[in-house]
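*Asks:* Provided below for reference: sequence and predicted model.
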Amino acid sequence: MIELDRAGRSFKVRRSLKLKGNLVHAVCDLSFTVAPGEFVGYLGPNGAGKSTTIKMLCGILTPTSGRVRVAGLDPSRKRTTLARRIGVVFGQRTTLWWDLPLRDSFELIRLLYKVDRKVFKTRLDELIETLDLGAFTRTPVRQLSLGQRMRGDLAAALLHAPDVLVLDEPTIGLDVVSKSSIRAFLRRLNAEQGTTVLLTTHDLGDIERLCRRVMLIDHGRLAFDGTLDELMATAPEQSTIEDVVTRLYTGSR
Amino acid sequence: MVRSYFLLAWTWTRAAMAYPASFALTTVLGLFVAGTDVAVILIIFANTTSLAGFSREETLFLYGTANLAFCLCDLFVSNVDRISQHIKAGTFDTMLIRPVSAWIQLATDRFLPTRAGRVLQAAIVLGYAISALDLGSGRLWMVPVMIATGVVIFGALWTLAGALQFVLTDAPEVTNAFTYGSGQLTQYPLAIYGRDLVRGVTYALPLAFINWQPALYVLDRDDPFGTPGFMRFLGPVAALVLALLAGSAWRLGIRHYRSTGS
């Protein structure tokens, strides 16, 4: 479903007006494969290259080297085709229309993604129920609380029934109740509909409760790729997941 | 493409109507600002009978054709110049995850239907000029051609300006000088400007083909700068070349888009 082959993205960073800048490798020679139906946690310290990877997966950034394939498509060249098969959620910013009520945003998404009206109706009702959106579908997005907005964003990313869901810190800033309802929803989505999920987060609770497989990226390179149990086994017994990840983050510096 | 365009434009129209007072105010203000342009021309002709050899009605014809094309683009395309704001705020990312071209999403971004008032104003001025000039019907076919040419050229200029923002994210004003500046420049007979400037806007940035060159044909006038007659008909070619150039610049810009941190 997701395939990276020695993918890299570098940025030229210019200092003052000098034309020759330094090349910064945000992601370097990154290779991994995610099979359909997997639920993968994508970890890494700030600035490790997580967001850059995600942006290459949805076609926002063009890789400067290597090959990226999502659902068999080259994201940067087939961006609008891929958009129909991938759902993307950014925890840091909404993809909804700020001044529109949630319901209007959803209807607009239906039209833009050309989802059949009947299919859409069933799917929307289902999402409204499982994400508990009923109380605020008529509220403009700008008036929603962060937790409500996040659930609205999740629904918006899933209305076109994507094969792959990419989540960039979806639980950032949420309270425990909102977090656990979003986690429960994601687990069901993956189990029942077989949606492939790639999740980046700094919340290790998300990883423990959701991800069978964990990938850890640091300095733009893959530092660990395996099951959660294998990750825990890299540290002495009795360590918590925080200890394990701290070791990996600091050890690789 | 067209369907997505109008869907998004309609969405923003409804969003704009959510603030009715501001909606009414921008309509009135827009018409007022547009009215001052005509007032300037009328004031000039209150003091003289010709401007570089062109009568009041001929000048209004030039103003009407250029301004109609410009206002149509201002209504339908000009929002692409908001791209630098979206790049800086990181909201451009969210446009790139939709199954609709980023250009269409930007062109419809905060679409302001109130600008349609200015299109109407330009059309009225043009209608008046054509009837007052008593033009023979044999050359009138050129008028819709020149409006279409003008729309494409202005649209391409805005797209080029947008594409430049991928590189110059901090300088939207620089590119505004080209778009709005071109709109202002083409409102008068080019004969009032210096020879070098007119050469520039004929052979480098093809603004002369928006209205000046084809209007010389419609008005049956010789070019005071002495360009050959066939150039009156080169507008569509110039528009096509500029549009292709703008299209590739835009695609190049998107491929080199760097996004923001996080």
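*Replies:* That came through fine. Numbers count the residues shown, from 1 in each chain, chains lettered A, B, ... in the order given.

*Asks:* Residue ranges in the chain under the pLDDT threshold?
*Replies:* This is for chain A. For chain A, applying pLDDT under 70 flags the ranges A:14-20, A:252-253.

*Asks:* I was thinking of chain B, sorry if that wasn't clear
*Replies:* Counting by pLDDT under 70, chain B contains low-confidence residues at B:169, B:261-262.

*Asks:* Which parts of the chain are helices?
*Replies:* As the question left the chain open, I've gone with chain A. Using DSSP state H, the helices found in chain A span residues A:50-57, A:79-83, A:102-112, A:117-130, A:146-158, A:176-193, A:204-210, A:228-233, A:241-251.

*Asks:* nope, chain B
*Replies:* In chain B, the helices defined using DSSP H lie at B:2-17, B:20-47, B:56-76, B:83-89, B:92-95, B:102-107, B:116-133, B:142-164, B:172-185, B:195-199, B:212-218, B:235-255.

*Asks:* Output those in CSV, with distance to chain A and mean neighbour count appended to each entry.
*Replies:* For the C-beta atoms, the positions are set from N, CA and C on the backbone; glycine is no exception. Output for those, formatted as CSV (distance: least, C-beta to the nearest C-beta, whole Å; neighbours: other C-beta atoms under 10 Å in any protein chain shown):
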stretch, distance to chain A, mean neighbour count
helix B:2-17, 4, 16
helix B:20-47, 12, 13
helix B:56-76, 19, 24
helix B:83-89, 8, 18
helix B:92-95, 4, 22
helix B:102-107, 9, 22
helix B:116-133, 20, 17
helix B:142-164, 15, 23
helix B:172-185, 16, 16
helix B:195-199, 30, 13
helix B:212-218, 36, 24
helix B:235-255, 5, 17
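
*Asks:* So which of the ones you listed is nearest A:Ser239?
*Replies:* For A:Ser239, the closest of those is helix B:92-95, at 36.6 Å, according to C-beta to C-beta.

*Asks:* Residues touching the closest one, excluding its own?
*Replies:* For helix B:92-95, the surrounding residues in contact (C-beta atoms under 8 Å, 6 or more residues apart in numbering or on different chains) are A:55, A:60, A:90, A:93-95, B:83, B:86, B:102, B:105-106, B:257, B:259-260.

*Asks:* 10 Å instead?
*Replies:* For helix B:92-95, contacts defined as C-beta atoms under 10 Å, 6 or more residues apart in numbering or on different chains pick out A:51, A:54-55, A:58, A:60-61, A:88, A:90, A:92-97, A:153, A:168, B:82-87, B:101-106, B:109, B:165-166, B:254, B:257, B:259-260.

*Asks:* For it, what is the distance to the chain centroid?
*Replies:* Distance of helix B:92-95 from its chain centroid, counting by C-alpha atoms, centre = their mean, to the nearest Å, is 26 Å.

*Asks:* okay but B:Gly64 is in contact with B:Val119, surely?
*Replies:* No: in this structure, B:Gly64 is not within contact of B:Val119 by C-beta atoms under 10 Å, at 11.3 Å.

*Asks:* now A:Val197, which residues is it bridged with?
*Replies:* Beta-bridge partners recorded for A:Val197 (DSSP bridges): A:Phe39, A:Leu165.

*Asks:* Distance of it relative to A:Gly49?
*Replies:* Distance, A:Val197 to A:Gly49, using C-beta to C-beta, to the nearest Å: 19 Å.

*Asks:* Between these two, tell me which one has more neighbours.
*Replies:* Neighbours were counted for A:Val197 and for A:Gly49 using other C-beta atoms under 10 Å in any protein chain shown; A:Gly49 has more, 24 against 21.

*Asks:* how much space between the closest residue to A:Phe224 other than its chain neighbours and A:Arg209?
*Replies:* Of all residues not flanking A:Phe224 in the chain, A:Leu216 sits nearest, at 4.0 Å (C-beta to C-beta, 6 or more residues apart in numbering or on different chains). Per C-beta to C-beta, A:Leu216 is found 18 Å from A:Arg209.

*Asks:* what about those two, which has more around it?
*Replies:* A:Leu216 (23 against 14).

*Asks:* near chain B, which residues of the stretch 101-250 of chain A show up?
*Replies:* Within reach of chain B by C-beta under 10 Å from any C-beta of the partner chain, the stretch 101-250 of chain A has these residues: A:101, A:104-105, A:107-109, A:111-114, A:140, A:153, A:157, A:160, A:166, A:168-169, A:172.

*Asks:* same thing but 8 Å
*Replies:* Residues of the stretch 101-250 of chain A lying close to chain B (C-beta under 8 Å from any C-beta of the partner chain) are A:104, A:108, A:111-113, A:140.

*Asks:* tell me which of these is nearest to B:Trp158?
*Replies:* For those, the nearest to B:Trp158 is A:Leu112 (22.9 Å; C-beta to C-beta).

*Asks:* count of residues packed around that closest one?
*Replies:* For A:Leu112, the count of nearby residues is 20 (other C-beta under 10 Å).

*Asks:* same thing with B:Arg115?
*Replies:* Applying other C-beta under 10 Å, we find 18 other residues in the vicinity of B:Arg115.

*Asks:* ok, whatever residue of the stretch 101-250 of chain B ends up closest to chain A - contacts?
*Replies:* At 6.5 Å from chain A, B:Ser101 is the closest residue in the stretch 101-250 of chain B, using C-beta to the nearest C-beta. Residues counted as contacts of B:Ser101 (C-beta under 8 Å, 6+ apart) are A:80, B:1.

*Asks:* just B:Leu31 next, same as before
*Replies:* Counting by C-beta under 8 Å, 6+ apart, B:Leu31 makes contact with B:117-118, B:121.

*Asks:* could you dump the residues you listed to a markdown table with distance to B:Thr179?
*Replies:* Below are these laid out as a markdown table (distance: C-beta to C-beta, whole Å):
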| residue | distance to B:Thr179 |
| --- | --- |
| B:Gly117 | 20 |
| B:Arg118 | 15 |
| B:Gln121 | 19 |
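
*Asks:* Right, I'll leave it there.
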